[in-house]
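*Asks:* With the sequence up front, the predicted model follows.
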Amino acid sequence: MTIPVRTLVIRAFRILAVAEAFSWAALLAGMYFKWIAKTTELGVEIAGPIHGALFVGYGIAALALWRLQRWPFVVALFAGLSAVFPFATIAFERWAGRRGHLTPRTAVPAGTKETAGV
């Protein structure tokens, strides 16, 4: 049994959205200790690269879903913008999920019209 690529990308996107938000929290905590408490830079040194990798992974997954799910440009734009603001990826993931943007659907062949189920 194989899982369709679309389903795998959606699952990866959802996981990356939550992981990216947690990495924001770790990075913000690290920045507190580095800049406010002035005790250690270790938090930033560890959380920074992890957050960067998750940020890039989230962006790649969002671009893939833009193509696979045929998201309107505005949806893809909000997906990208949500990665810039702390914890916004979770809000976007929930918003997109409620509106069906994260539901696997089959591609419609070019030149055919989609109907409203009639």
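*Replies:* Nice, thanks for sending it over. Numbering: from 1, shown residues only.
*Asks:* Okay, helices next: where are they in this structure?
*Replies:* 5-31, 42-68, 73-82, 88-98 (DSSP state H).
*Asks:* is it possible to export those to CSV including mean neighbour count, distance to residue 105 and mean pLDDT?
*Replies:* Yep, even glycine has a C-beta here, placed from its N, CA and C like the rest. Below are the helices of the chain laid out as CSV (neighbours: other C-beta atoms under 10 Å; distance: least, C-beta to C-beta, whole Å; pLDDT from 0 to 100):
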stretch, mean neighbour count, distance to residue 105, mean pLDDT
helix 5-31, 18, 8, 97
helix 42-68, 17, 9, 97
helix 73-82, 16, 14, 97
helix 88-98, 18, 13, 97
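*Asks:* Please tell me how far the nearest residue to residue 19 once chain neighbours are set aside sits from residue 23.
*Replies:* Distance criterion C-beta to C-beta, 6 or more residues apart in numbering; nearest residue to residue 19, sequence neighbours excluded, is residue 54 at 5.2 Å. Computed as C-beta to C-beta, to the nearest Å, the residue 54 to residue 23 distance reads 5 Å.
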